[in-house]
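J.: My questions concern the predicted model and sequence given below.
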Amino acid sequence: MSDQNLILVPGLICDDEVWTYAQSHLSEVADCRTVPADEADTMQGLARAVLDTAPETFAIAGFSMGGYVALEVLRQAPERVTRLALLDTSSRGDTQDKAAGRHAAIADCEEGRFDDLLDRFIPLLLHPERMSEPLADRVRAMGHRVGPKLFADRHRAMLTRADGRDLLAGCDIPVRAICGRSDALTSVEDHQEIADLAPRGRLSIVEDCGHMPPLERPQAATALLRDWLLYD
């Protein structure tokens, strides 16, 4: 067992299932743990909850919304973070349009339209070819386990997050930006920016994949995380 600690943070619609494959297959190189990201409705509170239960030093990988949490963890305790992986996320704050979309999603959750919201959201998460596979049903089941209250609280948290570009430019740790080639929510260019901003940044692209590499292409995503843990 490695003495390296790894914290895995799930995305908006996800519970710990999104990291099951990675956690299992990285256990030889790191002591892995997944945090639930359900302890607060601010990004600052979510990051504090991670730090309250984390080892003294650790690598952290954040997927989608989890990338925002990971950046806030870095902001609050840079001396404790040894490596940073950001998957299918962004270092930038919300645009006005994205913020308006979050407020609309919160309203859908509060007014009983959560199933309709999932119907619109899931096709944005997966490569079109995945929509005919059982994976779409797995993602929907995760969404129902998350439920409308937590889904809304996570949107509220994302509305409070700060722009992370300054953090990336000032950090001297290995930073890996990983993105599905066909991600409909965050672009390859978003991840190129992350890699370019970080002095020790690298970009990795997962082919034939949408927004969810840890589920759509778990072998490829995990291999990239292993490389980041061992060699960056």
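T.: Sure, I can see it.

J.: per-residue confidence averaged over stretch 7-17?
T.: Averaging pLDDT along stretch 7-17 gives 97.

J.: same deal with stretch 110-120?
T.: 97.

J.: Please apply the same query to stretch 140-152.
T.: Mean predicted confidence for stretch 140-152 is 97.

J.: In that stretch, which residues are buried?
T.: 140, 142-143, 146, 148, 150-152 (16 or more other Cβ atoms under 10 Å). Every C-beta, even on glycine, is put in place using the N, C-alpha and C of the backbone.

J.: ok, so of the residues you listed, who is nearest Pro218?
T.: Within the buried residues of stretch 140-152, proximity to Pro218 (Cβ to Cβ) peaks at Met142, which comes in at 14.4 Å.

J.: Might you report the residue contacts of the closest one?
T.: 13-15, 17-18 (Cβ atoms under 8 Å, 6 or more residues apart in numbering).

J.: ditto for Glu129
T.: Residues in contact with Glu129 (Cβ under 8 Å, 6+ apart) are Asp208.

J.: Mind putting the contacts of Met142 into JSON lines with distance to Leu215 and secondary structure?
T.: What follows is these, written out as JSON lines (distance: Cβ to Cβ, whole Å; DSSP: H, G, I helix; E, B strand; the rest coil):
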{"residue": "Ile13", "distance to Leu215": "11", "secondary structure": "coil"}
{"residue": "Cys14", "distance to Leu215": "8", "secondary structure": "coil"}
{"residue": "Asp15", "distance to Leu215": "12", "secondary structure": "coil"}
{"residue": "Glu17", "distance to Leu215": "8", "secondary structure": "helix"}
{"residue": "Val18", "distance to Leu215": "6", "secondary structure": "helix"}
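
J.: any idea how far the residue nearest in space to the middle of the chain is from Leu215?
T.: Nearest to the geometric centre of the chain sits Phe63, at 1.6 Å (Cα atoms, centre = their mean). Phe63 is 9 Å from Leu215, where distance means Cβ to Cβ, to the nearest Å.

J.: any common contacting residues for these two?
T.: With Cβ under 8 Å, 6+ apart as the test, Phe63 and Leu215 both reach Val18.

J.: count of residues packed around Asp119?
T.: Per other Cβ atoms under 10 Å, the neighbour tally for Asp119 reads 11.

J.: Among the contacts of Met142, list the two that are farthest apart in space.
T.: Ile13 and Glu17 (10.7 Å).

J.: Comparing these two, which residue is more hemmed in?
T.: Ile13 (25 against 16).

J.: before we move on, the earlier item: how about the contacts of Met142 in TSV, adding distance to Pro174?
T.: Written out in TSV, the entries for these read as follows (distance: Cβ to Cβ, whole Å):
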residue	distance to Pro174
Ile13	28
Cys14	24
Asp15	27
Glu17	27
Val18	22
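
J.: So which of those residues is the closest to Leu203?
T.: Closest approach between the contacts of Met142 and Leu203, by Cβ to Cβ: Val18, at 21.3 Å.

J.: Contacts only, for that closest one.
T.: Contact analysis of Val18 by Cβ under 8 Å, 6+ apart lists 10-11, 63, 142, 212, 214-215.
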